[in-house]
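Visitor: One predicted model, sequence on top.
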Amino acid sequence: MAKVAGQKVRYGQINHEYGLKLATTPPEEDGPIWMVNLMKYREKADYADGRSADISGREADDLYAPLGPLKAIGAQVVFLAEVDTQFFNSTPKWDRVGIVKYPSRRAFIEMQTRKDFQELHHHKEAGMAETIVAGCLPMPVPKLPSSAPTWDAVPHPPTADDPYVMVVHVLKFNDDERRNEMATYSDHAGLVAVPNGVRLAAWTQVEGTIMGDGRQWDQVRFNVFPSRAAFMAVALDPARLEAQKAQRETAIADTYTLITRPSIDRLYESMTGEAAPYPTKP
């Protein structure tokens, strides 16, 4: 079992090398980091002390939600979403995606040792079956053309039944050369995605994976579509599928693509200091 601040946990492996980097980065080199969390819950909460708990793993994690400790160290939840649909890898079947912006790497380590955090952690340990926690930094994102349509002018605009979705791409490349092939694929895909209303919330470089199953990742990308129907129109477009076979499939060693429904979305603002170029209220 892994340990968090001396506590054993069942939901993942700690990358101690990356943990050392988080703890020892000199203050003059430290700065904000976005911790991206993929979460799979137990069907029923399972507390280590054997207590009887007639709640789900999701409900246990909701009891964990360490908003007080986060606020105390200057961190904030900038994204929270339920997973609607998962592609490419079927296991684990992720339930939620959450992102916390920490003011520094050291602040992330500091939170693990706080008493008020440790007093809540047993709820997470009871509810979480598996998780990936990746420390991410912003990357430059391609600019949308000035001709990009507004959402009221796209084929599949947001509706009450099908509001906007955040599509999360977790990526591991075969090598740097294949990474360039992914850039070419992105150009091809953009030709289809832009007319369907895509907006780029954030592309991030994974600095390290502090918790997971031993796999390491290269990037996590967050692309917004006006509706699930809009994303599916892009995903099933013949030209994009051809580009996927030619570039994407040869570039990527491992991946998850998740259609998510956000309940909290301050991601773009947290990275740029500007208002998001899409409405962030479902």
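Guide: Good, I have the coordinates.

Visitor: is the residue nearest to the spatial centre of the chain in a bridge, and if so with what?
Guide: When C-alpha atoms, centre = their mean is applied to the chain, the residue found nearest the centroid is V36 (4.4 Å). V36 has these beta-bridge partners by DSSP bridges: I99, A134.

Visitor: same question, V9
Guide: Bridge pairing for V9 (DSSP bridges) gives the partners A2.

Visitor: Quick check: pLDDT value at it.
Guide: At V9, the pLDDT value in this model is 74.

Visitor: Now do stretch 148-161: distance to the chain's middle.
Guide: From the chain centre to the centre of stretch 148-161 is a distance of 24 Å (C-alpha atoms, centre = their mean, to the nearest Å).

Visitor: And the contacts of stretch 203-212?
Guide: The set of residues external to stretch 203-212 that reach it, using C-beta atoms under 8 Å, 6 or more residues apart in numbering, is 2, 11-15, 17-19, 21-22, 33-36, 108, 131-141, 215-222. C-beta: built from backbone N, CA, C; applies to glycine.

Visitor: Return the set of buried residues in it.
Guide: Neighbour counts over stretch 203-212 (16 or more other C-beta atoms under 10 Å) mark W203, T204, V206, E207, G208, T209, I210, M211, G212 as buried.

Visitor: for stretch 213-227, same thing?
Guide: For stretch 213-227, using 16+ other C-beta under 10 Å, the buried residues are W217, D218, Q219, V220, R221, F222, N223, V224, F225, P226, S227.

Visitor: same question, stretch 130-146
Guide: Neighbour-count burial for stretch 130-146, counted by 16+ other C-beta under 10 Å, picks out E130, T131, I132, V133, A134, G135, C136, V141.

Visitor: Please name the residues that touch the last one.
Guide: Spelled out, it's V141. So V141 contacts L200, A202, W203 (C-beta under 8 Å, 6+ apart).

Visitor: how about JSON lines for the residues you listed, with distance to G50, pLDDT and secondary structure added?
Guide: Converted to JSON lines, the contacts of V141 look like this (distance: C-beta to C-beta, whole Å; pLDDT from 0 to 100; DSSP: H, G, I helix; E, B strand; the rest coil):
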{"residue": "L200", "distance to G50": "47", "pLDDT": "92", "secondary structure": "strand"}
{"residue": "A202", "distance to G50": "42", "pLDDT": "96", "secondary structure": "strand"}
{"residue": "W203", "distance to G50": "45", "pLDDT": "94", "secondary structure": "strand"}
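
Visitor: Show only the entries of the contacts of stretch 203-212 found in helices.
Guide: The helices, defined by DSSP state H, take in E17, Y18, G19, K21, L22, F108 from the contacts of stretch 203-212.

Visitor: coming back round to it: can the buried residues of stretch 130-146 go into CSV with extra columns for distance to L120 and pLDDT?
Guide: Formatted as CSV, the buried residues of stretch 130-146 follow (distance: C-beta to C-beta, whole Å; pLDDT from 0 to 100):
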residue, distance to L120, pLDDT
E130, 19, 97
T131, 15, 97
I132, 20, 98
V133, 16, 98
A134, 22, 98
G135, 21, 98
C136, 24, 98
V141, 35, 86
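
Visitor: the strands in the chain, which residues?
Guide: Using DSSP state E, the strands of the chain run over 2-4, 7-9, 13-14, 33-41, 76-87, 96-102, 128-139, 165-173, 199-212, 219-225, 252-265.

Visitor: Can I get those strands in TSV including distance to D54?
Guide: Shown next, in TSV, are the strands of the chain (distance: least, C-beta to C-beta, whole Å):
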stretch	distance to D54
strand 2-4	26
strand 7-9	23
strand 13-14	30
strand 33-41	15
strand 76-87	22
strand 96-102	21
strand 128-139	18
strand 165-173	32
strand 199-212	28
strand 219-225	35
strand 252-265	25
